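S.K.: Build me a model from this:
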Amino acid sequence: MLLDDEPTEEDKANELEARIKAPIVWTRLESGLRIEDLQEKRFEEAATILREHFLNTEVTFKSINILDDDESVEEFLSNAKIQMKDKASLVAIDETSNDAVGILLMRVVDRVAFSRTFSRVKLTYGRNYSTVMKFYNKLEKPVNIHELYGVQKYLKIFTLAILPEYRHRGLGKEMYKCAIASAAASKINVIAGIFTCVRNQELIETVGFVKHNEIYYAKYIDGDEIVFSDTGAGNYTAAFMAMKICESDIIARPETPILHHDFIALTETWLNESVCDFEIFDDRYLVFRRDRASRGGGVLLAVRADRVRSAQQIHRLQSSSVVNVTCTNAGSSLRTHMITLNSVSCVLIPKN
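M.R.: Next comes the predicted model:
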């Protein structure tokens, strides 16, 4: 091997720093999407999705034409970026284009912050934004999650925004499931949020949420007028909903590594979309799966993240019996401890 190919100490340090700062990947989907922590480098991308694909479709904001009120739009986006900085939000990435296609904004709400929120008048300046926030406060204030569930803090869902071409494919449900896994990993055993359309309410109920307060749009009147008069077909109420995460769902990360293998290949995994990657391996491994739609079968390949510069699943084969991953070498001078394969596959061979 030529000495010129050897990375410098600075290169090694930069690679290590990049791995440390890399987001936790909560799951990878068969459709070629992954769901991971939302990091600062994607904040502007997230804000664009919210401005162009959320405010014009979300029931309450659309009903009052918030996009006609520039001050309200800017105030909404400003608050959204504050929520992003709490580092509790998630983003869905298309692995082919590396573009963000979905955002789930969340924050941890502790008991003191909750008391502070409802003990003072919140200053908002955009007229339309103020109207929606007043409605949300009326919906949420009667329910004290901390007392109801006996907790000091809970994870609050604020916004789910998905690009139009990625909707109605199950991505929303997967992001909600990852939110639950994220709360469990942080030992937060309650998650809650306001859901303004019937589709989201029914979807969130399938993962265990229950309604604690509900307001009919037709009965929410300011003066003599219904505030939200154009809510769309079937959207009759907004609901404040929550879920108690069972103790068995609280995931404790191992303090010391248990596995040291560069590759782990599994067949007959019997996994399905209800099982997140995080439940199988910690963030030291990149996980690639082919789950079978029917009972049984399935293959999985886990790759040590610190052994490769990058790894990507190849979707040329549609079979649920093959997972093929291409790897880029980490480039360390310790070649004997590094992966030198360009690609690796895990294949389930039928008995017959």
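S.K.: Look at the spatially most central residue of the chain and report its pLDDT.
M.R.: Closest residue to the average C-alpha location of the chain: L90 at 3.3 Å, with C-alpha atoms, centre = their mean. Confidence at L90, expressed as pLDDT, is 97.
S.K.: With the one 4 residues further on instead?
M.R.: Model confidence at D94, expressed as pLDDT, equals 96.
S.K.: Just give me the neighbour total for it.
M.R.: Counted with other C-beta atoms under 10 Å, the neighbours of D94 add up to 17. C-beta here means a position set from N, CA and C on the backbone, and glycine is covered the same way.
S.K.: List the beta-bridge partners for it.
M.R.: As for beta bridges, D94 partners with L33, D99 under DSSP bridges.
S.K.: Assess the claim that it and L33 are in contact.
M.R.: Yes. At 5.8 Å, D94 counts as touching L33 under the criterion of C-beta atoms under 8 Å.
S.K.: shared neighbours of these two, which are they?
M.R.: Listed as contacting both D94 and L33 by C-beta atoms under 8 Å, 6 or more residues apart in numbering are 101, 166.
S.K.: give the contact list for the closest residue to V210 other than its chain neighbours.
M.R.: Excluding its sequence neighbours, the residue lying closest to V210 (C-beta to C-beta, 6 or more residues apart in numbering) is M241, at 6.3 Å. Listed by C-beta under 8 Å, 6+ apart, the contact set of M241 reads 192-195, 201, 204-205, 209-212.
S.K.: Does the residue nearest to the centre of the chain touch L104 like I think?
M.R.: Yes. With contact defined as C-beta under 8 Å, L90 counts as touching L104 (4.4 Å).
S.K.: May I have the secondary structure class of F158?
M.R.: strand (DSSP: H, G, I helix; E, B strand; the rest coil).
S.K.: what about the closest residue to I66 other than its chain neighbours, how many neighbours?
M.R.: In space, and not counting its chain neighbours, I66 is closest to N128: 4.6 Å by C-beta to C-beta, 6+ apart. If you count neighbours by other C-beta under 10 Å, N128 ends up with 23.
S.K.: Make 55 the starting number, not 1.
M.R.: Sounds good: first residue 55 from here, last item N182.
S.K.: Could you say which helix or strand holds N182?
M.R.: Assigned by DSSP states H and E, N182 belongs to helix 181-194.
S.K.: now what about stretch 111-126, what contacts it?
M.R.: 108-110, 127, 130, 179-186, 189-190, 213, 250-251, 271, 281-286, 289, 292.
S.K.: Tell me which stretches of the protein form helices.
M.R.: Assigned by DSSP state H, the chain shows helices spanning 63-75, 97-107, 113-117, 124-138, 165-171, 181-194, 199-203, 225-239, 252-259.
S.K.: pLDDT below threshold where in the chain?
M.R.: Low-confidence segments of the chain (pLDDT under 70): 55-76, 167-178, 301-314, 337, 361-406.
S.K.: Show me the domain layout of it.
M.R.: 79-303, 308-401 (automatic domain parsing).
S.K.: my read: A292 touches T250, true?
M.R.: Yes. Shown here, A292 and T250 form a contact pair, counting by C-beta under 8 Å, at 4.5 Å.
S.K.: what's the burial count for the residue lying closest to N243 once chain neighbours are set aside?
M.R.: Spatially, and ignoring its direct neighbours in sequence, N243 is nearest to I299 (4.4 Å; C-beta to C-beta, 6+ apart). Other residues lying near I299 total 21 when counted by other C-beta under 10 Å.
S.K.: got a list of what I299 touches?
M.R.: With C-beta under 8 Å, 6+ apart, I299 has these contacts: 234, 237-238, 242-245.
S.K.: Go again with 7 Å.
M.R.: Residues near I299 by C-beta atoms under 7 Å, 6 or more residues apart in numbering: 234, 237-238, 243-245.
S.K.: and which of those is nearest to Y339?
M.R.: A238 (18.7 Å; C-beta to C-beta).
S.K.: and the closest one, how far is that from Y230?
M.R.: Computed as C-beta to C-beta, to the nearest Å, the A238 to Y230 distance reads 13 Å.
S.K.: what do you get for R253?
M.R.: For R253, the distance to Y230 - C-beta to C-beta - is 12 Å.
S.K.: go on, R88?
M.R.: From R88 to Y230 the distance is 16 Å (C-beta to C-beta).
S.K.: who has more neighbours, these two?
M.R.: Between R88 and Y230, Y230 has the larger neighbour count (other C-beta under 10 Å), namely 24 against 19.
S.K.: Might one say that the more buried one is in contact with V261?
M.R.: Yes. The pair Y230 / V261 is scored as a contact, 5.4 Å apart, by C-beta atoms under 7 Å.
S.K.: ok, what's across the strand from I318?
M.R.: In this entry, I318 is beta-bridged to A356, by DSSP bridges.
S.K.: Next up, the contacts around I211.
M.R.: I211 neighbours (C-beta under 7 Å, 6+ apart): 158, 160, 233, 245, 247.
S.K.: and which of those residues is nearest to V329?
M.R.: A233 (15.6 Å).
S.K.: burial of that closest one, as a residue count?
M.R.: Other residues within reach of A233, judged by other C-beta under 10 Å, total 25.
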